[in-house]
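[1] just coords:
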DNA sequence: GAATTTTTTGCAACCGGTTGCATCGACGGG
DNA sequence: CCCGTCGATGCAACCGGTTGCAAAAAATTC
């Protein structure tokens, strides 16, 4: 359908190599031939075939962008930033949806068949087998929003979930609550486990503190609402740390339906600080995850790995911080603050 | 890095063609050679290079998935359904973010360089130049969520926005409102124009009806909230049709901040029925856009165009329907209903 | 103006596959 | 037993590019 190198070469009256060189950064071509080639190419509407060239160069500039978070509003922003960032660097995201029962191996084979130059997994969990499979294939992998470990199998960029748990617990205690709650996502999620660990650690250091721990079935509105409804029936804590903003909004909804006033009757702290947390009719106090930093770092990392895939897997983590809004009561009185 | 056809051929003791054929659907290979080849391939961890084969077959199975809606929560669902649907058919979505000032021509060239087999544009507006450029290149284009026209330049799958405007106006009138409002997105958006047309058409047929028309600066929460705040100051209608759910939620928030009770003091009808419209603490009455149907149809269409790109551009539209929730008062009394 | 260096150019091989064509062998029929 | 048929196989050319190498051309030096 489209014009090829040969067509352009013939029209311009030069060799195919000459044409190839004019389209290759930093190749040696005289101004005259370049001129001839460019007018010929323009006339034919020629575009070099990136796939054909990848055969000899060994670079496709394709990056597999893998995720299973197609229900978390935060990830719309994540996809936006990833696609923009990759595009700006001349890389093309090949999007892979790993939701549901889809066989991860099939996706893995697919990515190898398309010889992606690198892979970014944007998900808290990494499908088993991915690290080894890609290492064997020599394809760099960056795990964004992943669990930070001291001995990572692949490069990880994310937040310190344990520390988030600590921040949350400290915050709830600082607000004067003596009965606090942890409302996590699925108990099997490593992010939930890590946050619980940090939360428990701080709570345990405070004798006499009452702690409720409960888990929602999913990181979703419905699950949050259902679990909080159950919790209200069981006898709730005064304030909860929820493992995600959507979960928090579900819990908020349950509290409102029960006629409770937030933050007076029930306090809530979320996690993520997704856009809607700031909406005035939600106004969620939450712990902000530095999404932009994580993504920028992930992209920079994958770019650097393109040149040198052999770097030892590292974990890079970013600090999170509390965003004060309306679902948690303010500090009781100045006296409780540490002296300035 | 990975094993090639040649490696497998040598290990299996057959020709390269034999190997190629065992991996090609419907090629003629004896059971014996297939066996030899498969064990050799398994031993080497061989995966055929899809890009190399695309060179001769002329098919890449890559589909450009273009969008500029990376801020509308509906589109997370849209990406989910598109990626899943494409994957299930063995197609690979190459995601393109057309947000902001990015040069559409650059994306266009990129898609040609990667020889995508087809393009799906998931956006209400189509970048100018796309239709011709792709037609010239012989690449099928499907415009999802696009404006329906009787003389489409490319295949369009979407909803009838004019009819949505009519439905909204009829609904507001049926609820007994005599002063109704249209709160659109940006006035330049064709979707907004079409909806306004339908809305106005019905309103004009009802003498004595008061109509406010106003436009938000964007399809966003903040814009909806700001515009409704202004409208409340100016003297609002009794009930509004908002051009999008997020916009509606912004308007809802403005009403709540002003101390108005919804739907008693102010009625609201949104459009899209995105997931959060059903959340109990939002509970938005809205017009549902059949997202799944649009996407399934778009994918089926692009698949059929892969075999026969010459089909004349068609517009396929789906009906929308009102989803009754809590932001619009119910029908006043049974007497007003059409007799059964 | 000749000798030397540097730049430009084309040739040909190669990247990893596919495929038309001719050959080869096996098999069934007469 | 010979012939025709047909499936299986390999050869070689091709898909659309890139690149090492040597020759040609241009620029520089003396």
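    In hand now; what should we look at? Just so it is clear, the structure is predicted and the values come from calculations on it, not from any experiment.

[2] low-confidence ranges in chain A?
    A:1, A:101-102, A:332-340 (pLDDT under 70).

[3] For it, which segments are assigned as helices?
    Taking DSSP state H as the criterion, chain A carries its helices at A:5-12, A:16-22, A:31-44, A:50-57, A:74-88, A:104-113, A:130-137, A:161-174, A:190-204, A:221-234, A:245-257, A:291-307.

[4] Flag every buried residue along the shortest one.
    What that stands for is helix A:16-22. Neighbour-count burial for helix A:16-22, counted by 16 or more other Cβ atoms under 10 Å in any protein chain shown, picks out A:18-22. For the C-beta atoms, the positions are set from N, CA and C on the backbone; glycine is no exception.

[5] what's the answer for stretch A:33-50, then?
    Quick answer for stretch A:33-50 (16+ other Cβ under 10 Å): A:33-34, A:36-38, A:40-41, A:44, A:46-50.

[6] List the contacts of that stretch.
    Residues outside stretch A:33-50 that contact it (Cβ atoms under 8 Å, 6 or more residues apart in numbering or on different chains): A:2-5, A:7-8, A:11-14, A:18-19, A:22-23, A:29, A:60-61, B:55, B:109, B:112-115, B:136-137.

[7] With DNA strand C as the reference, measure out to residue A:298.
    Computed as Cβ to the nearest atom of the strand, to the nearest Å, the residue A:298 to DNA strand C distance reads 28 Å.

[8] oh, I was asking about residue A:241
    The gap separating residue A:241 from DNA strand C is 51 Å, by Cβ to the nearest atom of the strand.

[9] Same check on residue A:148?
    Residue A:148 sits 36 Å away from DNA strand C, going by Cβ to the nearest atom of the strand.

[10] do stretch A:128-145 and chain B meet?
    Yes. Judged by Cβ under 8 Å from any Cβ of the partner chain, stretch A:128-145 comes into contact with chain B through A:136-138.

[11] hang on, isn't residue A:329 packed against residue A:266?
    No. Counting by Cβ atoms under 8 Å, residue A:329 does not reach residue A:266; the two are 10.1 Å apart.

[12] Comparing these two, which shows the higher neighbour count?
    The residue with more neighbours, out of residue A:329 and residue A:266, is residue A:266; 25 against 16, by other Cβ atoms under 10 Å in any protein chain shown.

[13] got a list of what the more buried one touches?
    Residues counted as contacts of residue A:266 (Cβ under 8 Å, 6+ apart) are A:236, A:238-240, A:255, A:260.

[14] of the helices of chain A, which approaches residue B:144 most closely?
    Residue B:144 lies closest to helix A:74-88 among those, at 16.8 Å (Cβ to Cβ).

[15] Show me what the closest one is packed against.
    In terms of contacts (3 or more Cβ pairs under 8 Å, 6 or more residues apart in numbering or on different chains; DSSP states H and E), helix A:74-88 is packed against strand A:62-67, strand A:92-97, strand A:118-122, helix A:291-307, helix B:74-88, strand B:92-97.

[16] Which of these sits closest to residue B:145?
    Using Cβ to Cβ, the nearest of those to residue B:145 is helix B:74-88, at 7.6 Å.

[17] what about the closest one, distance to the chain center?
    Taking Cα atoms, centre = their mean, to the nearest Å, the mean C-alpha location of helix B:74-88 is offset from the chain mean by 10 Å.

[18] what is in contact with residue A:329 and residue A:266 at once?
    Joint contacts of residue A:329 and residue A:266 (Cβ under 8 Å, 6+ apart) are residue A:239.

[19] thinking again about what came up before, now render the helices and strands packed on helix A:74-88 as TSV, adding mean neighbour count and distance to DNA strand D.
    Output for the helices and strands packed on helix A:74-88, formatted as TSV (neighbours: other Cβ atoms under 10 Å in any protein chain shown; distance: least, Cβ to the nearest atom of the strand, whole Å):
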stretch	mean neighbour count	distance to DNA strand D
strand A:62-67	26	15
strand A:92-97	24	16
strand A:118-122	26	19
helix A:291-307	18	15
helix B:74-88	21	24
strand B:92-97	23	18
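
[20] Mind putting those into TSV with distance to residue B:194?
    As requested, these are exported to TSV (distance: least, Cβ to Cβ, whole Å):
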stretch	distance to residue B:194
strand A:62-67	34
strand A:92-97	30
strand A:118-122	36
helix A:291-307	35
helix B:74-88	18
strand B:92-97	25
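
[21] contacting residues around residue A:28?
    Taking Cβ under 8 Å, 6+ apart, we find residue A:28 in contact with residue A:21.

[22] Write out the residues of the stretch 1-150 of chain A neighbouring DNA strand C.
    With the criterion set to Cβ under 7 Å from any atom of the strand, the stretch 1-150 of chain A comes near DNA strand C through A:14-18, A:21, A:28-30, A:32-33, A:52, A:55-56.

[23] Of the residues you listed, which are in range of DNA strand D?
    Counting by Cβ under 7 Å from any atom of the strand, A:16-17, A:21, A:52, A:55-56 from those sit close to DNA strand D.

[24] so which two of these are the farthest from each other?
    A:21 and A:55 (17.3 Å).

[25] tell me which residues in stretch A:112-128 are buried?
    A:112-127.

[26] do the same with stretch A:164-181
    Those would be A:164-173, A:175, A:177, A:180-181, for stretch A:164-181 by 16+ other Cβ under 10 Å.

[27] my guess is residue A:304 meets residue A:298, correct?
    No. Look at residue A:304 against residue A:298 with Cβ under 8 Å: they stay out of range, at 11.0 Å.

[28] Against chain B, how distant is the residue of the stretch 101-250 of chain A found nearest DNA strand D?
    Proximity of the stretch 101-250 of chain A to DNA strand D (Cβ to the nearest atom of the strand) peaks at residue A:115, 12.9 Å away. From residue A:115 across to chain B, the span is 6 Å (Cβ to the nearest Cβ, to the nearest Å).

[29] swap in residue A:41?
    Residue A:41 is 12 Å from chain B, where distance means Cβ to the nearest Cβ.

[30] count of neighbours near residue A:310?
    For residue A:310, the neighbour count with other Cβ under 10 Å is 7.

[31] ugh, wrong one, I meant residue A:211
    For residue A:211, using other Cβ under 10 Å, the count is 16.

[32] ok, now the one 10 residues further on?
    Using other Cβ under 10 Å, residue A:221 has 27 neighbouring residues.

[33] Please apply the same query to residue A:129.
    When counting by other Cβ under 10 Å, one arrives at 11 neighbours for residue A:129.

[34] Report the contact partners of it.
    Contacts of residue A:129 were listed using Cβ under 8 Å, 6+ apart, and they are A:104-105, A:108.

[35] List only buried entries from those.
    Buried subset of the contacts of residue A:129 (neighbour count, 16+ other Cβ under 10 Å): A:104, A:108.

[36] can I get the contacts of residue A:129 in CSV with distance to chain B?
    Output for those, formatted as CSV (distance: Cβ to the nearest Cβ, whole Å):
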residue, distance to chain B
A:104, 12
A:105, 11
A:108, 9
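
[37] Identify, from the contacts of residue A:129, the entry nearest to residue A:155.
    Closest to residue A:155 out of the contacts of residue A:129 is residue A:108 (17.5 Å), distances taken as Cβ to Cβ.
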